[in-house]
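Trainee: got a predicted model here, sequence first, then my questions.
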Amino acid sequence: MKQIIIIFLLIFINSAAFSHSQLTEILPEDNVTYNEVPPQIEMKFKSEVKLVKIDLIRVDIKEKIKLDSSLLKNKSTNYSIPMPKLDAGIYRFEWRALSPDGHIIKGKSDFEVK
């Protein structure tokens with residue numbers, strides 16, 4: 001019985017340690033309209049990830065906006081990306097990250113600036 005418990009604990013601990021990380025918070029929030037542009041893009045993950053790609057697109061005119069990608073080389077649970085000056089429009093922030101188990105996770109946040 002003791003061996004079964006030990007084996008179960010080892011399996012459980014390993015699967016929890018190597019699971020995909022989850023995005024727990026993002027700003028700008030998805031499907032929100034802002035009267036003022038947020039000062040930065042904020043991302044918080046459940047565990048350490050390595051951002052591998054970030055894109056900001058003005059959807060209504062199909063324009064890609066340059067972001068500071070210098071932080072893409074670092075692993076972290078929290079990322080803060082300076083927001084460039086944005087005009088009124090509809091935007092999409094897309095991201096990809098490498099989770100601790102080696103899998104790619106990705107997401108997006110659509111928002112509008114009035």
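Mentor: Sure, I can see it.

Trainee: over to Cys60: give its phi and psi.
Mentor: Let me fix one detail, which is that residue 60 is Asp and not Cys. phi -70, psi -20 (degrees, to the nearest 10).

Trainee: stretch 95-108 - what's its average pLDDT?
Mentor: Averaged over stretch 95-108, pLDDT sits at 96.

Trainee: which residues does that stretch contact?
Mentor: 17-23, 26, 30, 43, 45, 47-55, 92-94 (Cβ atoms under 8 Å, 6 or more residues apart in numbering). Bear in mind the C-beta positions are built from the backbone N, C-alpha and C, glycine included.

Trainee: in strands, which of those residues appear?
Mentor: Among those, DSSP state E puts 23, 26, 43, 45, 47-55, 92-94 in strands.

Trainee: where do the helices sit along this protein?
Mentor: Under the criterion DSSP state H, helices of the chain are mapped to 2-17.

Trainee: can you tell me which of the ones in strands among the contacts of stretch 95-108 lies closest to Ser69?
Mentor: Using Cβ to Cβ, Ile54 comes nearest to Ser69 of those, at 6.3 Å.

Trainee: need the contact partners of stretch 34-42.
Mentor: With Cβ under 8 Å, 6+ apart, stretch 34-42 has contacts from 25-28, 54, 56, 67, 78-83, 85-86, 93, 111-114.

Trainee: by mean pLDDT, which helix or strand of this structure comes out lowest?
Mentor: The helix or strand of the chain with the poorest confidence is helix 2-17; it has a mean of 47 (mean pLDDT, DSSP states H and E).

Trainee: state the distance from the most centrally placed residue in the chain to Asn35.
Mentor: Most central in the chain under Cα atoms, centre = their mean is Met43, positioned 5.1 Å from the mean C-alpha point. Separation of Met43 from Asn35 (Cβ to Cβ, to the nearest Å) stands at 22 Å.
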